[in-house]
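Engineer: Okay, sequence plus prediction incoming.
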Amino acid sequence: MDDVLKHLYDVREAAVAIRRFLHGKTFSDYSSDEILQSAVERKFEIIGEALNRLGKQDPSVLSEIREHRSIISFRNILIHYFIRSIFIYDKISDPGFQYF
């Protein structure tokens, strides 16, 4: 159970960090700041990896997280493919987008 809680903590902390990083930022800010882009992408990678590991340890907990498959898939895209800034910004700036 400790690992399950650790993974959930990692998801929460990464999501909070993303919101903090992007508070008050525009697309222009985001797209022109390589460090900001890298930080946001890294936190999305952490969220996806934590959910992936959670699913291996306790699939019943993972199944309670809405859109977990999409979140893990997004992580895989970030890790394995080049993503343009606008794709990421569109995701994170959508008011309906849920981090977890």
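Structural biologist: Perfect, I can see it now. In this text the structure is predicted, and so the values were computed from the model without any measurement.

Engineer: Now do stretch 55-64, average pLDDT.
Structural biologist: Averaging pLDDT along stretch 55-64 yields 94.

Engineer: now the end-to-end length of it.
Structural biologist: 11 Å (C-alpha to C-alpha, to the nearest Å).

Engineer: so who does the most centrally placed residue in the chain touch?
Structural biologist: For the chain, the residue nearest the mean C-alpha position is Phe44 (2.6 Å; C-alpha atoms, centre = their mean). Contacts for Phe44 (C-beta atoms under 8 Å, 6 or more residues apart in numbering) come out as Ala14, Ile18, Phe74, Arg75, Leu78, Ile88. (C-beta placed from N, C-alpha, C; glycine too.)

Engineer: Next up, the contacts around the first one.
Structural biologist: So the one you mean is Ala14. For Ala14, the contacting residues are Lys43, Phe44, Ile46, Ile47, Ala50, Tyr99, by C-beta under 8 Å, 6+ apart.
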